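>>> Starting from these lines, generate the structure:
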Amino acid sequence: MEIPKIKYTGKIKEVTVGLGNRAVAVGGETMYPFHLFEGEMPHPPRIAMEVYDDAPEDWPEAALAPFRDVVSDPVAWAQKCIKEYGAEMICLQLASTDPNGKNRSSEEAAGIAKRVADAIEVPLIVWGCANDEKDADTLRRVAEICTGKNLVIGPVGEKNYKQIGAGAIAYKHTLAASSPIDVNLAKQLNVLLGNLGVPDGQILVDPTTGGLGYGIEYTYSVMERDRMAALTQQDERLQFPLICNMAKEVWKTKEAKLSREEEPKLGDPAKRGILMEAATAMVLLMAGANILIMRHPEAVKLVKGVIQDLLKA
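Numbering: from 1, shown residues only. Next up, the predicted model:
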């Protein structure tokens, strides 16, 4: 029996982040996710392990355990992820800059980003606190102080793309263009970044996502529409790799935090959280994610194994 095949007319643009022989390329596919019988997927999806700029106070024990000895030192944390857990990318979450939280200064946060960038060889993603005004200042300073490092900087939205985009152009970084789970808003932001002068090779798309059971099906639908428009409708302003900052969305859910005593029917809380993160990652991969930001080493190991199996199919 001959398998029916879709004829694709579009191609996802390739984006390279990082420097030297540890640089990572994503994108370039000419078919739907893992449809290797219909096209090419020159670069496998990549996983970035997250590191926080300050010791987390609300993580469940299962998420905290692998990093307990390094949570007060972002540099040591990043190095542990690379040396012990084989991280191919690092995502530094600048959560403490949130004005509704510790409100760490932009200068201090940029200094932390510089120290982490200087201490590792793998590509670095620097993620702000999702406050448009604070991120505009913080991420612009990060772009300047880390000039030439080819970071991924985000989230970049419609309210701050001019400030952060100008920094990306001047200091040669890649942007994570973030829109609220809407394919039309994602396209609009990509158009604005292009008009500003950001090269196509410096744009990733962050569709935003929820954890398993918390709107993941909506995210999947939007990402699916994005890939359909990019690959079968030749929509050039949607032909960018997708990045999903998913770990914090999984581990903040009540199901990931409930102890065995609180909810014995849910079983081992450690296994539960790991499997929730891995399942969320697989859903996003099937929707077309090129970069996943993940937390638990066991979840990362599970997902890497599945990716390898799918690429052999």
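
>>> didn't S259 look like it was pressed against D268?
No: here S259 does not reach D268: they are 10.3 Å apart, not a contact under Cβ atoms under 8 Å. From N, CA and C alone the C-beta is placed, and that goes for glycine too.

>>> Let me see the mean pLDDT of stretch 149-158.
Confidence over stretch 149-158 (mean pLDDT, whole number) is 97.

>>> Kindly apply the preceding question to stretch 189-201 instead.
The average of the pLDDT scores along stretch 189-201 is 97.

>>> which SS class is L204?
The assignment at L204 comes out as strand when based on DSSP: H, G, I helix; E, B strand; the rest coil.

>>> Look up the residues forming beta bridges with it.
Taking DSSP bridges, one obtains A176 as the residues bridged to L204.

>>> got a list of what it touches?
Going by Cβ atoms under 8 Å, 6 or more residues apart in numbering, L204 touches 15, 26, 152, 154, 174-177, 240-243, 290-291.

>>> try A279
L212.

>>> Highest neighbour count among the contacts of L204?
Neighbour counts for those, by other Cβ atoms under 10 Å, peak at I243, which reaches 31 neighbours.

>>> helix, strand or coil for that one?
Per three-state DSSP, the secondary structure class of I243 is strand.

>>> All further residue positions should be reported with the first residue as 50.
With 50 as the first residue, the last one maps to I292.

>>> any idea how far I55 is from it?
25 Å (Cβ to Cβ, to the nearest Å).

>>> repeat for L188
Summarising the geometry, the distance separating L188 from I55, computed by Cβ to Cβ, is 38 Å.

>>> do the same with P109
Taken as Cβ to Cβ, the span from P109 to I55 is 42 Å.

>>> okay, these two: which has more neighbours?
It is P109, of P109 and I55, that has more neighbours when counted by other Cβ under 10 Å, with 18 against 12.

>>> mind listing what the more buried one touches?
With contact taken as Cβ under 8 Å, 6+ apart, P109 is in contact with 300, 305-306, 318, 322.

>>> Can you list which of the residues you listed are found in helices?
Counting by DSSP state H, the members of these that fall within helices are 300, 305-306, 318, 322.

>>> List buried residues within those.
In those, burial by neighbour count holds for 300, 305-306, 318, 322, counting by 16 or more other Cβ atoms under 10 Å.

>>> ok, residues contacting the lowest-mean-pLDDT helix or strand in the chain?
For the chain, the helix or strand with the lowest mean confidence is helix 303-306, at a mean of 88 (criterion: mean pLDDT, DSSP states H and E). Identification of contacts with helix 303-306 by Cβ under 8 Å, 6+ apart yields 109, 111-112, 260, 262, 299-300, 315, 318, 321-322, 325-326.

>>> how distant is the longest strand along the chain from the center of its chain?
For the chain, the strand reaching the highest residue count under DSSP state E is reported as strand 95-101. Using Cα atoms, centre = their mean, to the nearest Å, we find the averaged C-alpha position of strand 95-101 to lie 8 Å away from the chain's own average C-alpha position.
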